[in-house]
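J.: quick one, fold the following:
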Amino acid sequence: MERSIRSYSPKDTHKIGRRIGTKAQSGDVLLLVGDLGAGKTTLTQGILWGLGGTEYARSPTFVLVNEYPARLTLYHMDLYRLNSIEEIEDLGLDDYLYGNDLCVVEWADKAPGYFPVNHAVVQLEVIDDQTRRVTVSSETAHLDRLVMAIAGGADE
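T.: I've put the predicted structure just below:
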């Protein structure tokens with residue numbers, strides 16, 4: 001299943017993330033893909049707020065994993081600085097990815113085939129300075145709730 005929606009501002013991207021966060025369940029894995037500045041961390045901030053978290057999500061580019069307490073613990077990972085699948089495998093992310101909380105992975109396209117089969121992909125595409133196309137897809141039926149969560153705005 002796949003759905004797309006347009007975001008016309010960072011505030012819109014936060015709202016989309018909140019809707020995803022409210023539907024997230026234990027063990028969900030979200031793989032974020034998009035160019036630099038596409039809104040991956042902004043979306044993650046909304047997801048955290050949708051989980052009931054009160055902190056501000058920061059890009060974990062230098063620490064690789066940030067942990068945020070909420071209804072589910074949010075593990076926010078960033079693979080941007082990694083250059084090979086071997087480096088990613090050496091990080092030991094399996095404890096997070098196969099755990100009971102929520103994992104959000106930025107730059108997930110750097111590790112094709114590495115992640116659990118049961119995941120949703122969130123593609124953020126830059127349309128112009130303010131506009132983004134957010135597409136959520138999953139091949140796993142039990143994650144359709146995350147795909148459907150982006151409803152509430154203009155569909156594409």
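
J.: in a helix, that's where L146 is, yeah?
T.: Yes. Counting by DSSP: H, G, I helix; E, B strand; the rest coil, L146 is found in a helix.

J.: and it, what does it touch?
T.: Contacts here follow Cβ atoms under 8 Å, 6 or more residues apart in numbering; on that basis L146 touches 20, 23-24, 28, 30, 120, 136, 138. (Glycine included, C-beta is placed from N, CA and C.)

J.: same check on V104?
T.: Neighbours of V104 in contact, by Cβ under 8 Å, 6+ apart: 30, 32, 44, 47, 74-77.

J.: where do the helices sit along this structure?
T.: Secondary structure of the chain (DSSP state H): helices at 10-23, 40-50, 85-90, 94-97, 144-148.

J.: low pLDDT regions in the protein?
T.: Low-confidence regions of the chain, defined by pLDDT under 70, span residues 61-63, 152-156.

J.: could you rerun that using 50?
T.: 153-156 (pLDDT under 50).

J.: picking that back up, relative to V65, which of the contacts of V104 is nearest.
T.: M77 (5.1 Å; Cβ to Cβ).

J.: just give me the neighbour total for the spatially closest residue to that closest one that is not a sequence neighbour.
T.: Leaving aside its sequence neighbours, M77 sits nearest to V105 (Cβ to Cβ, 6 or more residues apart in numbering; 4.6 Å). Using other Cβ atoms under 10 Å, V105 has 29 other residues around it.

J.: V29 is in contact with V105, correct?
T.: Yes. The pair V105 and V29 qualifies as a contact (Cβ atoms under 8 Å) at a distance of 7.1 Å.

J.: which residues do these two both contact?
T.: With Cβ under 8 Å, 6+ apart as the test, V105 and V29 both reach F115.

J.: strands along this protein, start to end?
T.: Along the chain, the stretches classed as strands by DSSP state E are 2-7, 29-34, 65-68, 74-78, 102-106, 120-126, 132-137.

J.: CSV for these, including distance to I88?
T.: Converted to CSV, those look like this (distance: least, Cβ to Cβ, whole Å):
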stretch, distance to I88
strand 2-7, 25
strand 29-34, 13
strand 65-68, 12
strand 74-78, 10
strand 102-106, 10
strand 120-126, 17
strand 132-137, 22
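
J.: which of these sits most buried?
T.: Compared across these, strand 102-106 shows the largest average neighbour count, a mean of 27 (mean count of other Cβ atoms under 10 Å).
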